[in-house]
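*Asks:* How does the following fold in three dimensions:
(2 chains)
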2 protein chains.
Amino acid sequence: MNIEEFFELSAGKWFSHRTSHHLAFKQSEDGKSDIVIEMLAADHPEVIKLCQQYEVNPSEATCGARVTWNGTMEWDEEKHTGSTVLVTIPDADNPNEGRLLREMGYAEKAPVAGRYKMGSDDALTLTTEYETMWSEERLWFASPNLRMRVSILKRFGGFSMASFTSEIRMGGSSAAAKAAEVSNSAS
Amino acid sequence: MNIEEFFELSAGKWFSHRTSHHLAFKQSEDGKSDIVIEMLAADHPEVIKLCQQYEVNPSEATCGARVTWNGTMEWDEEKHTGSTVLVTIPDADNPNEGRLLREMGYAEKAPVAGRYKMGSDDALTLTTEYETMWSEERLWFASPNLRMRVSILKRFGGFSMASFTSEIRMGGSSAAAKAAEVSNSAS
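*Replies:* Residues are numbered from 1 along each chain as shown, chains lettered A, B, ... in the order given. Modelled structure (predicted):
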């Protein structure tokens, strides 16, 4: 699977269930969310705009997605809603790795440098470095309708949180998912 | 890392925090446990005994471990304690894969056929097939003192549960872990 196929298979509506293990406190926190992932063509105006923010030539973008979420966390009662845009800029010598541009939120003042790597085992690894934090997330499909994510967060050099997310497709099954289902049921 | 090195790095005392996502109910359940893992030499009496139970020539065993746990689950108040013995029997043509023998519990009437596969990314994958169930577990080290596990359970052909376990070393740091720490701090 290449990164474009991973994005395509991710497109649709998902129920996302995240549990975070706060390692120092030995406590866990649950969060549930509805997530919608839409593919954006490499020449979509939002992809071009994000490239320009990062001072990247938009012709280098191969893939884009808009992610919208609407959920709740266990430890507060606020609704967590939001959306972001992601764009992949592959390395010149290896399309399976590259930069992952992310739309900046209100809280971020500077662009965040992220990297993606599509593994030969069809798992996608995302790493992000912040000033005092470092995160790595591994995403993979247990089946076309069940996506899994494990992320780990380091603060000031020590592991502080490990999170697990199971995501069940609720609809908007992508063409790729449908094709995979057909091939599964045929096997 | 080969399977012996993975077992060695696993030896010691761990605080194990597991969260299970019951996919159909969209509910999660927490469990916490102290776990002790001891390496057993390939010629240890318990390794030989387990091979004999499975009618495997003990000379084929490369690695053994005794796992002892003492914990609680969220949804009941019973103490969960127990122990088991694991033994690896590599395939003749590939030592990175093979059978994983497991001591039978009171509830099991027949030996359970398990397989292990040590990946080139240093992750260990265990698959087990029961009569109406199938499970796959992936284990890896985020660091010598932080072990992660993700498992997925299929019942009657459908995914029913996904579990995530973070395990923090509480002591009994193995020689391998110490060596890894030294090499990390040196880098």
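*Asks:* Pull the distance from whichever strand or helix holds residue A:67 to the chain's centre.
*Replies:* Here residue A:67 sits within strand A:63-73, counting by DSSP states H and E. Here the centre of strand A:63-73 is set off from its chain's centre by 9 Å, with Cα atoms, centre = their mean, to the nearest Å.
*Asks:* go on, stretch A:88-104?
*Replies:* How far stretch A:88-104 lies from its chain's middle: 13 Å, per Cα atoms, centre = their mean.
*Asks:* buried set for it?
*Replies:* Residues of stretch A:88-104 classed as buried by neighbour count (16 or more other Cβ atoms under 10 Å in any protein chain shown): A:88, A:89, A:90, A:97, A:98, A:99, A:100, A:101, A:102, A:103, A:104. In short, each C-beta sits where N, CA and C put it, glycine included.
*Asks:* does the residue lying closest to the last one once chain neighbours are set aside sit in a helix, a strand or a coil?
*Replies:* If you skip the residues right next to it in sequence, residue A:104 has residue A:111 as its closest partner in space, 6.3 Å away by Cβ to Cβ, 6 or more residues apart in numbering or on different chains. Applying DSSP: H, G, I helix; E, B strand; the rest coil to residue A:111 yields a three-state assignment of coil.
*Asks:* ok, residue A:35 - contacts?
*Replies:* Residues in contact with residue A:35 (Cβ atoms under 8 Å, 6 or more residues apart in numbering or on different chains) are A:13, A:14, A:15, A:16, A:67, A:68, A:69, A:70, A:71, A:167.
*Asks:* Could you single out the nearest of the residues you listed to chain B?
*Replies:* residue A:15 (6.8 Å; Cβ to the nearest Cβ).
*Asks:* quick one on the thing from earlier: when you filter the contacts of residue A:35 down to buried only, what's left?
*Replies:* Taking 16+ other Cβ under 10 Å as the criterion, what is buried in those is A:13, A:14, A:15, A:16, A:67, A:69, A:71, A:167.
*Asks:* could those go into CSV alongside distance to chain B?
*Replies:* Output for the buried ones among the contacts of residue A:35, formatted as CSV (distance: Cβ to the nearest Cβ, whole Å):
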residue, distance to chain B
A:13, 15
A:14, 12
A:15, 7
A:16, 10
A:67, 20
A:69, 16
A:71, 12
A:167, 10
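*Asks:* quick one on the thing from earlier: could you dump the buried residues of stretch A:88-104 into JSON lines and include secondary structure and pLDDT?
*Replies:* Shown next, in JSON lines, are the buried residues of stretch A:88-104 (DSSP: H, G, I helix; E, B strand; the rest coil; pLDDT from 0 to 100):
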{"residue": "A:88", "secondary structure": "strand", "pLDDT": "96"}
{"residue": "A:89", "secondary structure": "strand", "pLDDT": "97"}
{"residue": "A:90", "secondary structure": "strand", "pLDDT": "97"}
{"residue": "A:97", "secondary structure": "strand", "pLDDT": "97"}
{"residue": "A:98", "secondary structure": "strand", "pLDDT": "97"}
{"residue": "A:99", "secondary structure": "strand", "pLDDT": "96"}
{"residue": "A:100", "secondary structure": "strand", "pLDDT": "96"}
{"residue": "A:101", "secondary structure": "strand", "pLDDT": "95"}
{"residue": "A:102", "secondary structure": "strand", "pLDDT": "92"}
{"residue": "A:103", "secondary structure": "coil", "pLDDT": "88"}
{"residue": "A:104", "secondary structure": "coil", "pLDDT": "73"}
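*Asks:* What is the most widely separated pair among the residues you listed?
*Replies:* Within these, A:97 and A:104 form the most distant pair, 22.6 Å apart (Cβ to Cβ).
*Asks:* if we can go back for a sec, would you point out the most distant pair within the buried ones among the contacts of residue A:35?
*Replies:* Pairwise distances across those peak at 14.3 Å for A:15 and A:67 (criterion: Cβ to Cβ).
*Asks:* that older thread, quick one: residues contacting the residue nearest to residue A:104.
*Replies:* Shown in contact with residue A:111 (Cβ under 8 Å, 6+ apart): A:53, A:54, A:101, A:104.
*Asks:* Kindly recompute the last result at 10 Å.
*Replies:* Contacts of residue A:111 were listed using Cβ atoms under 10 Å, 6 or more residues apart in numbering or on different chains, and they are A:50, A:53, A:54, A:55, A:56, A:101, A:102, A:103, A:104.
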